[in-house]
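Student: Here's a sequence, model it:
(one chain, ligands or ions: 3)
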Amino acid sequence: MNDRPLLRIALPNKGSLAEATQAMLREAGYAQRSDSKDLVLLDEANGVEFYYLRPRDIAVYVGERTLDLGFTGRDMLLDSGADAEEVLALGFGGTRFRFAAPAASGWTVANLAGQRIATSYSGLLGAYLERQGVSARLIKLDGAVESAVRLGVADAIADVVETGSTLKRAGLEVFGEPILASEAILIQPRGAQEPAGLGLLLRRLAGVMTARNYKMVDYNIAADKLEVAASVTPGIDSPTVSPLAREGWFAVRAMIPAKQAPLIMDELWEVGAEGILVTDIAACRL
Ligand SMILES: Nc1ncnc2c1ncn2[C@@H]1O[C@H](COP(=O)(O)OP(=O)(O)OP(=O)(O)O)[C@@H](O)[C@H]1O
Ligand SMILES: O=P(O)(O)OC[C@H]1O[C@H](OP(=O)(O)OP(=O)(O)O)[C@H](O)[C@@H]1O
Ligand SMILES: [Mg+2]
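Tutor: Ligands and ions are numbered 1, 2, ... in the order given. Model prediction:
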């Protein structure tokens with residue numbers, strides 16, 4: 001290990017983002033705790049100390065400049081009002097923060113004036129209602145907000161929606177525009193100087209996201225069809241084209257968006273490509 005100060009990073013100790021965050025850091029080459037009761041883990045080789053904290057508290061620690069960086073949800077950062085800012089969106093933990101009310105009750109955001117709205121994100125909701133010029137009474141709950149209407153504590157709710165199945169089970173339906181599109185993010189104290197080690201962490205995280213979002217395609221193609229085939233697989237910069245021992249044929253290799261792989265394989269087949277292989281990318285730095 002070199003002698004720069006340890007980078008101190010907060011991670012969710014439980015909840016929806018905890019496992020996926022730890023999986024991403026492992027993929028990026030960092031050590032993670034093996035016992036879910038551990039509060040701190042020192043990754044000496046990478047010069048990082050990980051602190052496992054309640055997801056809701058992470059923005060607070062980072063905003064108070066107690067820790068250099070934190071992994072949390074965008075909704076949690078904004079709700080906290082902490083003096084921290086988003087550095088990188090991580091491509092997982094995607095949710096929407098939305099209003100909901102009993103199904104088919106015809107609610108609009110304007111109707112919320114003077115009503116009771118239950119939420120566990122009162123900072124986020126309060127700021128949104130203020131921007132909309134709607135004055136309502138916020139009922140602050142810790143969780144299981146979907147039950148608040150049935151139990152008569154609120155007229156509507158504002159909560160995190162992923163699949164929508166919790167709302168459905170409670171007989172509720174979303175209304176109005178989504179208040180926020182959230183996902184897991186990396187945060188730092190607002191305006192902080194870049195701590196040593198952040199550049200490396202960002203490169204590694206970007207590498208994990210690229211490896212998850214792209215695949216590698218290899219195929220053989222005759223010279224007269226190379227240009228068309230290469231336009232189907234332009235790669236990030238440009239495809240790698242190598243001559244084959246077989247006269248007038250080339251081997252082509254390029255990265256392709258993982259979601260489009262089946263379609264691209266079909267198109268290459270139509271163009272006349274042979275030996276089309278798609279493989280996962282285990283890791284990368286671009
Ligand atoms: N299916 C999901 N349900 C809830 N939150 C999710 C889901 N998927 C991703 N998230 C994100 O995870 C974060 C919420 O985490 P968690 O569920 O641990 O919070 P919480 O239950 O409110 O926290 P706490 O346990 O501290 O009260 C938010 O950023 C949210 O957008
Ligand atoms: O749209 P869905 O896929 O159903 O997911 C969203 C639900 O999951 C979360 O609850 P969580 O399990 O975190 O419990 P909590 O309400 O006690 O925080 C969130 O608060 C919603 O209730
Ligand atoms: Mg929760």
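Student: Which of the three states applies to L277?
Tutor: Three-state assignment for L277 (DSSP: H, G, I helix; E, B strand; the rest coil): strand.
Student: Pull the residues that contact stretch 197-209.
Tutor: With contact meaning C-beta atoms under 8 Å, 6 or more residues apart in numbering, stretch 197-209 is reached by 4, 7, 24, 27-30, 46-48, 68-69, 87-88, 90-91, 186, 188, 283-286. Any C-beta I mention is one placed from the backbone N, CA and C, and that applies to glycine too.
Student: Mark which of the residues you listed are buried, thanks.
Tutor: Among these, those scoring as buried are 7, 24, 27-28, 30, 46-48, 68-69, 87-88, 90-91, 186, 188 (criterion: 16 or more other C-beta atoms under 10 Å).
Student: closest to ligand 1 among those?
Tutor: Comparing these against ligand 1 with C-beta to the nearest ligand atom places L90 closest, at 11.1 Å.
Student: for the nearest residue to that closest one once chain neighbours are set aside, what are its contacts?
Tutor: Residue nearest to L90 in three dimensions, not counting chain neighbours: A184, with 4.3 Å by C-beta to C-beta, 6 or more residues apart in numbering. Taking C-beta under 8 Å, 6+ apart as the criterion, A184 is in contact with 17, 20-21, 71-73, 89-93.
Student: Phi and psi next, for A184.
Tutor: Main-chain torsions, A184, degrees, to the nearest 10: phi -70, psi 140.
Student: re the thing from before, just the buried ones among the contacts of stretch 197-209: which are in helices?
Tutor: Among the buried ones among the contacts of stretch 197-209, DSSP state H puts 24, 27 in helices.
Student: Inside strands: which ones of the buried ones among the contacts of stretch 197-209?
Tutor: Using DSSP state E, the members of the buried ones among the contacts of stretch 197-209 that fall within strands are 7, 48, 69, 87-88, 186, 188.
Student: Quick check: I157 touching A100?
Tutor: Yes: with contact defined as C-beta atoms under 8 Å, I157 reaches A100; the gap is 5.3 Å.
Student: and for the two, which residues touch both?
Tutor: Joint contacts of I157 and A100 (C-beta under 8 Å, 6+ apart) are 146, 172.
Student: Who are the contact partners of the one residue in the chain that gets nearest to ligand 2?
Tutor: Taking C-beta to the nearest ligand atom, ligand 2 has its nearest neighbour within the chain at G143, 2.4 Å off. Residues in contact with G143 (C-beta under 8 Å, 6+ apart) are S120.
Student: Ramachandran coordinates for it?
Tutor: The phi/psi pair for G143 (degrees, to the nearest 10) reads phi -180, psi -170.
Student: Then K140?
Tutor: For K140, the backbone dihedrals (degrees, to the nearest 10) come out as phi -90, psi 120.
Student: distance of it from A23?
Tutor: Plainly put, K140 is 32 Å away from A23 if you go by C-beta to C-beta, to the nearest Å.
Student: now swap in A100 and tell me
Tutor: From A100 to A23 the distance is 30 Å (C-beta to C-beta).
Student: Those two - which one has more neighbours?
Tutor: A100 (27 against 13; other C-beta atoms under 10 Å).
Student: What is whichever strand or helix holds the more buried one packed up against?
Tutor: Using DSSP states H and E, the element containing A100 is strand 95-102. Applying 3 or more C-beta pairs under 8 Å, 6 or more residues apart in numbering; DSSP states H and E, one finds that strand 95-102 makes contact with strand 156-161, strand 172-182.
Student: Pick the most deeply packed of the ones you listed.
Tutor: strand 156-161 (a mean of 25; mean count of other C-beta atoms under 10 Å).
Student: Could you give the bridge partners of the nearest residue in space to T233 that is not next to it in sequence?
Tutor: Distance criterion C-beta to C-beta, 6+ apart; nearest residue to T233, sequence neighbours excluded, is A254 at 4.0 Å. In this entry, A254 is beta-bridged to V217, by DSSP bridges.
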